[in-house]
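Asks: Got a predicted model here, sequence first, then my questions.
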Amino acid sequence: MFRNVRELVDIAERKQISISEVMIQQEMEVSGLAREKIMMQMEDNLRVMEKAVEDGLKGVQSRSGLTGGDAVLIQNYMKEKEPLSGNLVMDAVSKAVATNEVNAAMGIICATPTAGSAGCVPGALFAVKEKLNPSREQMIRFLFTAGAFGQVVANNASISGAAGGCQAEVGSAAGMAAAAVVEMAGGTPQQSAEAMAITLKNTLGLVCDPVAGLVEVPCVKRNAMGASQAIVSADMALAGVTSRIPCDEVIDAMFKIGQSMPSALKETALGGLAATPTGKSLAEMIYGITK
Amino acid sequence: MKYRSVFDIIGPIMVGPSSSHTAGALRIGRMARKLLGREPKWASVHLYGSFANTYKGHGTDVAIIGGLLDFDTFDTRLSDSITIAKERGIDIQFMEENAIVDHPNTARIVIGDENGQLELVGISIGGGKAEITELNGFDLNLSGEYPAILVLHNDRYGAIASVTHVLAQNRINIGRMEVSRRELGKEALMVIETDEVIDHSIMTQLEKEDNILQVVKVAD
């Protein structure tokens, strides 16, 4: 069982297999289930992600009224104009936003690795899909690659906003997506690790400060950032750019930053954007109370 | 390692909005339900840390009650769980606690009916995973992901051996086991996670052993 990114990449290089294959083989060992069964279970997750994006792109509204409809705006903009950041990036952004708008509306999503950060991986996947035309199996493998890196973060640091801030949620999710994009685009296991490291470095220190305690503001747009950052980092890694700080050390730094973050900035809705005048008045409006 | 399966990371499939505050909270409630073995008549839910501060926004309250009703994380009735519970005559109380706890997402759940009650403490550790850290005053560590039994027994020599002997006779392999007690020589609790599902006849066999007071099955 790999315990860190170094071991994960070593196994892949030694056996001359992909990161997704390392993850599949390990899952077979841990669960005792056949490969087919595991692939089918992951396809169920993929189907839920597809459905959430589909629903979100039709337009949904959350109960509080804070979020909803932005995915549609972005898709319409792409039809009318050539986005400055390019179609692929904006497509990823709209699909990440779609997923988190569905989540905020209490629709059904697949946590990757959490619900609040559920847009990054599918956002990147379904945008890159349009360009690379992957097979169904490659799309399922994308999720195993993302899962392998996520597992390392979850075991060696944290994937909980309450424990580590948004860097642990959207930061981790974006890193997982970046690593998976690299594999789908034909990059090496080491390049996946570089993409993960670059992404996570760029989200270090990100606080979890949900307005009114809802997974809406700023969570939905943080997923837009995560999905776009994932694609940019993947491109950098595929270009041969490496991280001066190894991936495992970045993960460790993220963990330590999370520990030293004050609790007001870790999903308590007491600090950051939640504590702004507008954030507080929105909370009062939603709950009809003065905290 | 806390996260062993890739599906802990990619998954669960769930009703939003929060894996820790909705799906994980539901799993704490559902474990309480499984440990009680039936639908409770009343529930008193104490929320700590981030749970106490944000439960309304995250639907932590509907999630815990959904768990007590034995709903799954992807059950679309989740947002109506409190109404459904009230219709079924379950008396529900929520309390926001200020006490500082080890984990930011902690809930203490006391549930019961005319035949008994139980009290447990659960934590939601992220990505929808939850752990039970205390049950009726015993410290423990239970994820609810593997078949497991809880054995309440007298704190005497041979009690543990008799239980493992019965399991061995029935070709049940133990994956993880822990023993905890509140006081020396009084009652103690064994948590045994197994590879195979433990059927009813084995439970009865265990309960017949000396010093064994009660056997409860946690997961199927």
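Replies: Arrived safely. Residues are numbered from 1 along each chain as shown, chains lettered A, B, ... in the order given.
Asks: can you pull the contacts of the closest residue to chain B within the stretch 51-200 of chain A?
Replies: Closest contact between the stretch 51-200 of chain A and chain B, by CB to the nearest CB, is at residue A:160 (3.1 Å). Glycine gets a C-beta too; all of them are placed from N, C-alpha and C. The contact partners of residue A:160, taken as CB atoms under 8 Å, 6 or more residues apart in numbering or on different chains, are A:114, A:168-169, A:267, B:20, B:104-105, B:124-127.
Asks: try residue A:8
Replies: By CB under 8 Å, 6+ apart, the contact set of residue A:8 is A:2, A:19, A:22, A:148-149, A:152, A:189, A:193.
Asks: Go ahead and flag the most central residue of chain B.
Replies: The structure's chain B has its C-alpha centroid closest to residue B:31; by CA atoms, centre = their mean the separation is 3.1 Å.
Asks: quick one: which helix or strand includes that one?
Replies: Assigned by DSSP states H and E, residue B:31 falls within helix B:24-36.
Asks: Am I right that residue B:192 falls within a helix?
Replies: No - secondary structure of residue B:192 (DSSP: H, G, I helix; E, B strand; the rest coil): strand, not part of a helix.
Asks: Disregarding residues adjacent in the polypeptide, which is nearest to it?
Replies: residue B:177 (4.8 Å; CB to CB, 6 or more residues apart in numbering or on different chains).
Asks: Need the residues that contact the host helix or strand of the one you found.
Replies: Secondary-structure assignment from DSSP H and E places residue B:177 in strand B:174-181. Strand B:174-181 is contacted by residues B:138-141, B:146, B:155, B:160, B:164, B:167, B:187-195 when judged by CB under 8 Å, 6+ apart.
Asks: Quick one, which of those residues are buried?
Replies: Among the contacts of strand B:174-181, those scoring as buried are B:138, B:140, B:155, B:160, B:167, B:187-194 (criterion: 16 or more other CB atoms under 10 Å in any protein chain shown).
Asks: which element is the residue nearest to residue A:64 when sequence neighbours are not counted on?
Replies: Sequence neighbours aside, residue A:286 is the residue nearest to residue A:64 in space, at 5.0 Å (criterion: CB to CB, 6+ apart). Using DSSP H and E, residue A:286 maps to helix A:277-287.
Asks: Only the buried residues of that helix, if you could.
Replies: By neighbour count with 16+ other CB under 10 Å, helix A:277-287 contains the buried residues A:279-280, A:282-283, A:286.
Asks: For chain B, just list every one of the strands.
Replies: For chain B, the strands defined by DSSP state E occupy B:13-15, B:42-48, B:91-96, B:105-113, B:116-126, B:129-135, B:138-142, B:148-154, B:174-181, B:187-194, B:212-219.
Asks: what's the least confident stretch among those?
Replies: The minimum mean pLDDT among the strands of chain B belongs to strand B:212-219 (a mean of 84).
Asks: which residues sit against that strand?
Replies: Strand B:212-219 is contacted from outside by B:31, B:34-35, B:37, B:142, B:144-154, B:159, B:162-163, B:187, B:198, B:203, B:206-207, using CB under 8 Å, 6+ apart.
Asks: check these against chain A, which are close?
Replies: With CB under 8 Å from any CB of the partner chain as the criterion, the contacts of strand B:212-219 include none near chain A.
Asks: how close does residue A:202 sit to residue A:212?
Replies: For residue A:202, the distance to residue A:212 equals 27 Å [CB to CB, to the nearest Å].
Asks: can you check residue A:197 too?
Replies: Per CB to CB, residue A:197 is found 34 Å from residue A:212.
Asks: Mind checking which of those two has more residues around it?
Replies: residue A:197 (26 against 23; other CB atoms under 10 Å in any protein chain shown).
Asks: Do I have it right that the more buried one meets residue A:253?
Replies: No - counting by CB atoms under 8 Å, residue A:197 stays clear of residue A:253, with 10.4 Å between them.
Asks: Mind listing the shared neighbours of the two?
Replies: Here residue A:197 and residue A:253 share the contacting residues residue A:245, scored by CB under 8 Å, 6+ apart.
Asks: Which element is encountered next along the chain beyond the helix or strand hosting residue A:123?
Replies: According to DSSP H and E, residue A:123 maps onto helix A:120-132. Following helix A:120-132 in sequence order, the next helix or strand is helix A:136-156 (DSSP H and E).
Asks: returning to what we had before: residues touching the residue nearest to residue A:64, list them.
Replies: A:64, A:66, A:212, A:214, B:57.
Asks: Then residue A:208?
Replies: Taking CB under 8 Å, 6+ apart, we find residue A:208 in contact with A:161-162, A:165-166, A:169, A:265-267, A:272.
Asks: Show me which of these are buried.
Replies: A:161-162, A:165-166, A:169, A:265-267, A:272.
Asks: nearest to residue A:141, of the residues you listed?
Replies: Nearest to residue A:141 among the buried ones among the contacts of residue A:208: residue A:169, at 23.4 Å, using CB to CB.
Asks: do you know how far the closest one is from residue A:261?
Replies: Remark: distance between residue A:169 and residue A:261 (CB to CB) = 13 Å.
Asks: With residue B:198 instead?
Replies: 43 Å.
Asks: what stretches of the stretch 1-150 of chain A score poorly on pLDDT?
Replies: Scanning the stretch 1-150 of chain A for pLDDT under 70 picks out nothing.
Asks: can you list the residues of it near chain B?
Replies: Counting by CB under 8 Å from any CB, the stretch 1-150 of chain A sits next to chain B at A:1, A:3, A:23, A:26-27, A:30-31, A:41-42, A:44-45, A:48, A:64, A:102-116, A:118, A:121, A:143-144, A:146-148, A:150.
Asks: related to what we said a few turns ago, any idea how far residue B:68 is from the residue nearest to the centre of chain B?
Replies: Plainly put, residue B:31 is 10 Å away from residue B:68 if you go by CB to CB.
Asks: Can you give me the neighbour number for the residue nearest to residue B:207 when sequence neighbours are not counted?
Replies: Once flanking residues are discounted, residue B:207 sits nearest to residue B:215: 5.3 Å by CB to CB, 6+ apart. Residue B:215: 21 surrounding residues under other CB under 10 Å.
Asks: Enumerate the beta-bridge partners assigned to residue B:215.
Replies: Assessed by DSSP bridges, residue B:215 has beta-bridge partners residue B:151.
Asks: Where does the record place the domain boundaries for chain B?
Replies: For chain B, the structural domains run B:6-142, B:148-219, going by automatic domain parsing.
Asks: which residues in the stretch 1-150 of chain A form helices?
Replies: Secondary structure of the stretch 1-150 of chain A, counting by DSSP state H, counting those that start in this stretch: helices at A:5-15, A:19-31, A:35-58, A:70-80, A:87-104, A:120-132, A:136-156.
Asks: Tell me which other helices or strands the second one touches.
Replies: It stands for helix A:19-31. For helix A:19-31, the elements it packs on are helix A:5-15, helix A:35-58, helix A:136-156, helix A:172-184, judged by 3 or more CB pairs under 8 Å, 6 or more residues apart in numbering or on different chains; DSSP states H and E.
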